[in-house]
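J.: Have a look at this fold, sequence not included:
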């Protein structure tokens, strides 16, 4: 698509610089300046560069991970001995609820979205995420929602009805005060943020891909995030509905969940788990995406079975919506109906198994480069597979009725979530840290980190299977010595502390490497996807010349195999403006160039709108009128945000008329 | 600078209010204000279960200890149901007992007055609960009774119960201005 | 759950063995493949060029292996689904002839049980300790008074939720005499950890004797201490919540105490039922079960002793 630039100068009189392969320094400098965020304090709050927002997002979610981990350590310390008096029931109920809520809502899904916000534009070969200001807004809304929940926790108003908050316990009669209200409103924040991020990821993956990157050539990680984003769009509204009905019951006096007045306690469970089951796949599928990115690089060959992998991701996403009743097997729903959910819950293992077999085939037929990212991925095969198999056990209704709501389920959920998401996430951090920061993490510390986490995790959580089988229920603040559970609880606590040490080692490794790690080039691991073609860290504009893609692993195969074509195939996009934020929008399936689009500049309005949204949401915990009055500043700020400016419009029109 | 100071004061005040609202106290006895109060005779003849000897200890403070504690108000709501206050007072609207959600108070609307009414009993049918329920429970009921006419802070007032709806939940009621009760209507003079 | 004492638990354990061992086998297979990969796959020192030979041609070997593995997994899963459904049906088909009917209601944080068998005059209520006859089916009708609870007696059956506004049913049978520990298995608030239920399976004659005793009202106290205790019971706060059949105490907010002395544990499994524990419990329930709805009863030591003496006569 080499195109001789032929356009007239605009009124600004500055000569227009253009990008292209092999740019000279004025073009590169201009591009970098165009795509940078503004300096200064206001500039910090106005930043919209996707890499900046993504790194802040990752740091925020990892801080929440640390908070959730500290809460878990407190729980384990309380349960280490029978009759322990470290915490009473009220504090313990708050701690375990905050632990689950933090991990599920404030860490697991957002961290995946954060990494996607960083990597998806780079992997599809573009300069920005779609809707960058909306992306910034989603980040700020998330941060404020999490801070609100923790502020409540620190004034003894932490949620205490469990992370899935069943009614009537979480209703107005049995959870007095504002604790559950803060929880329910936090859901509104985080789900708004998640839905917005989903929209942004879908648009980027479908419309901003480099020319030639057909859907058939899109990296598996991007497929995983695309599938996740679609799932978010369908799952989040269910929980927003559930939590809104709960807030209304508590604040205004409706009867959604009041059986005496025609409501139903099970309505909550249906609505919540219709979201809740896809939620765990929202956490798991990005983990699968990480693995699909790491394995080819460390097995030195393209992924085996690309088509099967993509179809498995899509099948998993569809099936995930048909499983939710397996959280409700102990209720008095009809038995035949429950059997359908047994079948569905077992069936979803098939696409996941397909992916596992394809990965194993890739590893078997490749050549292994044994670095830390690969170690974390190999741990997945041990931990997640074990967790998935206990899931198969749980899917059978009769067995479920024995071990539901016992420590067996606690073991299962941690095996699948930590094995299926956290270990791949840590592998992803080791893998992409050089790209994010330009420095390598220490291999030696990485191995120590890995083994401490692996051993600590298994020592902490494997005994919980046995505890559940011995009758220990979930969510108990203590237990009696006669139960005989003391020994295994003690072992579990010891393992948890080892796991915590491993995580601490990761933090140390990350901080030290960030300051003094070995310099990494563009492509320290020899990866094949497009992010490895950018510098480390990438320039603000990602690529000084956007690539044209001819294969699934463009860095390994910039041109298709076989004799060179005549005339030669294009390798880069030329002709985009260098002093305006211009991007190439391509078609959805075949990524043929479609439109040139100008992206917005940094703006303070996303931050301001997030502040106004925070005021609206938090005040509505205390009075329903806040919903009305709180809309006013939000509306004003949105107006200011989208108000078109004459000089911008003129510039865009000029660029449209004479591209 | 001054705005920042004002904001921090507001934040601290909100935090303290929240801490008090959410506190769950499982103590055996609330530090009873006026615990050294002398014994007062029961004013009502009725008592639940079997009658007890002796008088009851009242309190001398006007503000109950649980007015800012949502958990205690909720416990009071439960006890109101359990001890069958509904039997005479319905869910606040009154039947053979006076309404508790309006603005009229025969024996005083302050916390200590309501505490006395509950513990001593009152003529014309209010049983004396002194010695049959603990002081702590009585203060919880007092807090709930005051919430029925909207006397408590909005964030402490209970919302709807998990029962048949008895009208507006307490949190939605307009705060009444307590005043002495109107005298009962006299029959017209000269009629036979 | 590994020492089943009744048909429900037994069936579940059988299914457990089938599925757990199958899954263990699959896990072992995958681990074997992983170990084989770690042992036999050649290493690639950095920087080794990637092997791009596979991008153009098909890989029949791996494709066959993966396809076989997927099909085998699907067939295994189908078999497990069938096994699960059959077990479910078998559990539901336990004979209910000559069943004992017990209406079990879950409260925050105790259980009330009403035996509804035969004529209405034979109905009686007890709490936290439920006796059943060995070898006869028991139908629990499950109701909840406040929030969602769940009854779980692992040696006898799977669990069932007690949901306010709904009536559920759990059927089980104990085939061996013994004391079976149950607990609440759905988070129900502050003292979910101490909401135990004991199911005592007695041989038929002992069960009938127990039921007959439960139907009788409380015996008249014999000595002065016990009489004083009863007087305290009725005039202090006890009668506001607890019932003792045969006295004027008839409230239903706390466990029925008509035969409390015959129970093994106090406060739904919080404490063993001894004189000292009973005394300690009444003096300060919050110390043993913080958050429980029972208030402490301010009594002098002599009065407390008399009250406990009375309660101990309630066999």
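T.: Structure received. This is a predicted model, so every value here is computed, not measured. Numbers count the residues shown, from 1 in each chain, chains lettered A, B, ... in the order given.
J.: Tell me where chain A has strands.
T.: Along chain A, counting by DSSP state E, strands occupy A:582-586, A:593-598.
J.: now swap in the stretch 1-150 of chain C and tell me
T.: C:100-107, C:110-115, C:124-127, C:129-133, C:137-144, C:149-152 (DSSP state E, counting those that start in this stretch).
J.: Now do the last one: which elements does it pack against?
T.: With contacts taken as 3 or more Cβ pairs under 8 Å, 6 or more residues apart in numbering or on different chains; DSSP states H and E, strand C:149-152 sits against strand C:100-107, strand C:160-162, strand C:178-184. Yep, even glycine has a C-beta here, placed from its N, CA and C like the rest.
J.: OK, contacts around the closest residue to residue A:322 other than its chain neighbours?
T.: In space, not counting the residues next to it along the chain, residue A:322 is nearest to residue A:344; the distance is 4.5 Å by Cβ to Cβ, 6 or more residues apart in numbering or on different chains. If you count contacts by Cβ atoms under 8 Å, 6 or more residues apart in numbering or on different chains, residue A:344 has them with A:319, A:322, A:323.
J.: What confidence value was assigned to residue A:344?
T.: On pLDDT, residue A:344 comes in at 95.
J.: Make CSV out of the helices and strands packed on strand C:149-152 and add mean neighbour count and distance to chain A.
T.: Below are those laid out as CSV (neighbours: other Cβ atoms under 10 Å in any protein chain shown; distance: least, Cβ to the nearest Cβ, whole Å):
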stretch, mean neighbour count, distance to chain A
strand C:100-107, 20, 12
strand C:160-162, 28, 5
strand C:178-184, 21, 6
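J.: on that earlier part again, if you look at the contacts of residue A:344, which of them are in helices?
T.: When DSSP state H defines the helices, the subset of the contacts of residue A:344 inside them is residue A:319.
J.: which residue sits closest to the residue of the stretch 301-450 of chain A found nearest chain B, ignoring its sequence neighbours?
T.: When distances are taken as Cβ to the nearest Cβ, the stretch 301-450 of chain A reaches nearest to chain B at residue A:331, 17.7 Å away. Beyond its immediate neighbours in the sequence, the residue positioned closest to residue A:331 (Cβ to Cβ, 6+ apart) is residue C:161, lying 4.9 Å away.
J.: hang on, isn't the one you found packed against residue C:148?
T.: Yes - contact between residue C:161 and residue C:148 holds when scored by Cβ atoms under 8 Å: they sit 5.8 Å apart.
J.: Show me whatever sits in contact with both of these two.
T.: residue C:186.
J.: would you turn the helices and strands packed on strand C:149-152 into JSON lines with distance to residue C:8?
T.: Below are the helices and strands packed on strand C:149-152 laid out as JSON lines (distance: least, Cβ to Cβ, whole Å):
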{"stretch": "strand C:100-107", "distance to residue C:8": "15"}
{"stretch": "strand C:160-162", "distance to residue C:8": "11"}
{"stretch": "strand C:178-184", "distance to residue C:8": "12"}
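J.: Reformat these as CSV; add mean pLDDT.
T.: Shown next, in CSV, are those (pLDDT from 0 to 100):
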stretch, mean pLDDT
strand C:100-107, 97
strand C:160-162, 97
strand C:178-184, 96
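J.: so which of the ones you listed comes closest to residue A:488?
T.: strand C:178-184 (17.4 Å; Cβ to Cβ).
J.: Run me through the strand neighbours of the closest one, direction for each.
T.: Here strand C:178-184 is paired, per DSSP bridges, with strand C:149-152 (antiparallel), strand C:196-202 (antiparallel).
J.: Reformat those as TSV; add mean neighbour count and mean pLDDT.
T.: TSV is the format used below for these (neighbours: other Cβ atoms under 10 Å in any protein chain shown; pLDDT from 0 to 100):
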stretch	mean neighbour count	mean pLDDT
strand C:149-152	30	97
strand C:196-202	22	97
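J.: Check the burial of the nearest residue to residue A:236 once chain neighbours are set aside by counting its neighbours.
T.: Nearest residue to residue A:236, sequence neighbours excluded (Cβ to Cβ, 6+ apart): residue A:191, at 4.4 Å. Around residue A:191 sit 23 other residues, with neighbours defined as other Cβ atoms under 10 Å in any protein chain shown.
J.: Next, name the residue at the spatial heart of the chain.
T.: With no chain named, the answer covers chain A. By Cα atoms, centre = their mean, the mean C-alpha position of chain A lies nearest to residue A:112, the distance being 2.0 Å.
J.: wait, I meant chain B there
T.: For chain B, residue B:142 is the residue whose C-alpha lies nearest the centre (Cα atoms, centre = their mean; 2.1 Å).
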